[in-house]
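Visitor: Build the 3D model from these lines:
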Amino acid sequence: MSGAMDQRETLLREMLEALGNLDFAKVASLLHDEASFETPYGGQSVHGKGAVLDMLSTAMPSFVRQMNFTLHALYPGADPDLLIAEYESEATLIDGGRYANRYINVLRVKDGKVLLFREYFNPLAITQALGNR
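Guide: Model (predicted):
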């Protein structure tokens with residue numbers, strides 16, 4: 001079980017670091033071909049590695065320069081491919097503003113890659129940070 005936990009935790013940490021650095025080549029290397037990226041409170045649900053990469057590489061650089069994530073807690077699922085995590089972000093926006101949020105993430109792994117990356121966060125924090133763009 002600890003080996004599976006280590007793989008899930010490693011993938012989550014690598015994914016957050018890559019996203020924070022806007023390193024989409026690294027994100028691509030972490031995603032399963034059948035990957036899904038979902039933000040139920042943000043209204044996004046994208047399926048397939050290419051679609052996930054297109055969405056992330058378009059959306060994130062349009063408003064953020066860099067994000068720093070702080071991981072607070074990990075909850076391994078009874079399923080060895082499942083991990084629940086709590087973390088927060090701080091970011092510098094492209095206009096110099098600040099953005100911060102807290103997240104609950106459901107991560108599912110398949111064949112050593114990220115199959116599901118589902119983030120629950122407060123969408124009002126994004127709206128407030130971006131103002132009325």
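Visitor: Give me the neighbour count for residue 91.
Guide: 21 (other CB atoms under 10 Å). Heads up, the C-betas are built off the backbone N, CA and C, glycines and all.
Visitor: typo on my end, residue 124
Guide: 10.
Visitor: same check, this time on residue 36
Guide: 19.
Visitor: now do the one 5 residues further on
Guide: Residues lying near residue 41 (other CB under 10 Å) number 13.
Visitor: and it, that's in a helix?
Guide: No. Looking at residue 41 with DSSP: H, G, I helix; E, B strand; the rest coil, it is coil, so not inside a helix.
Visitor: hmm, who's touching the longest helix along the chain?
Guide: Using DSSP state H to define each element, the chain has its longest helix at helix 2-20. By CB atoms under 8 Å, 6 or more residues apart in numbering, the residues outside helix 2-20 that reach it are 23-24, 26-27, 30, 56, 60, 66-69, 71, 74, 76, 80-83, 85, 87, 89, 105, 107, 109, 112-114, 117.
Visitor: average pLDDT across that helix?
Guide: For helix 2-20, the mean pLDDT works out to 87.
Visitor: elements contacting the lowest-mean-pLDDT helix or strand in the chain?
Guide: Least confident helix or strand, the chain: helix 123-130 with a mean of 81, by mean pLDDT, DSSP states H and E. The contact analysis (3 or more CB pairs under 8 Å, 6 or more residues apart in numbering; DSSP states H and E) places helix 123-130 against strand 98-110.
Visitor: before we move on, the earlier item: which of the contacts of helix 2-20 fall within helices?
Guide: Counting by DSSP H, these contribute 24, 26, 27, 30, 56 to helices.
Visitor: Many thanks, we can stop here.
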